[in-house]
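> make a model of this:
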Amino acid sequence: MSLTTTLGQTTALILGLPFDLARANYARAVRLGFLENSLLKSARFERELSEIERLSLGLWARRV
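Residues are numbered from 1 along each chain as shown. Reported below is the predicted structural model:
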């Protein structure tokens, strides 16, 4: 693996950290009962957050 590839992957992980924290906070809020435990709402949250990640990070956004 080249240095450029490694640097790009590291940058993408660092830039994606706020989105990972949002996912973790959403899950914690559901577990604590602050948000309704709903598969539909969870899927909608993930879809919208992924879209925001792609729009804000562009080429640096992670792909699943």
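> correct me if wrong: residue 45 contacts residue 26.
Yes. If you go by Cβ atoms under 8 Å, residue 45 and residue 26 touch, sitting 5.7 Å apart. Bear in mind the C-beta positions are built from the backbone N, C-alpha and C, glycine included.
> list the buried residues for stretch 49-64?
Within stretch 49-64, the residues that count as buried by 16 or more other Cβ atoms under 10 Å are 53, 57, 61.
> restricted to helices, list these.
With DSSP state H as the criterion, helices contain 53, 57 from among those.
> closest to residue 33 among the buried residues of stretch 49-64?
residue 53 (26.8 Å; Cβ to Cβ).
> report the mean per-residue pLDDT for stretch 26-38.
In this model, stretch 26-38 has a mean pLDDT of 97.
> sorry, slip of the keys, the one I care about is stretch 51-64.
So the average pLDDT for stretch 51-64 ends up being 88.
> pull it out as CSV, backbone CA atoms only.
Taking Å, rounded to 0.1, in the frame of the first residue of the first chain, the C-alpha atoms of stretch 51-64 are listed here in CSV:
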residue,chain,number,x,y,z
GLU,A,51,-26.2,11.9,2.5
ILE,A,52,-24.9,14.8,4.6
GLU,A,53,-21.5,13.1,4.9
ARG,A,54,-21.3,12.6,1.1
LEU,A,55,-22.4,16.2,0.4
SER,A,56,-20.0,17.8,2.9
LEU,A,57,-16.9,15.6,2.4
GLY,A,58,-17.2,14.9,-1.4
LEU,A,59,-14.4,12.7,-2.5
TRP,A,60,-13.2,12.2,1.1
ALA,A,61,-16.5,10.6,2.1
ARG,A,62,-16.4,6.9,2.9
ARG,A,63,-18.0,4.4,0.7
VAL,A,64,-19.9,1.4,2.0
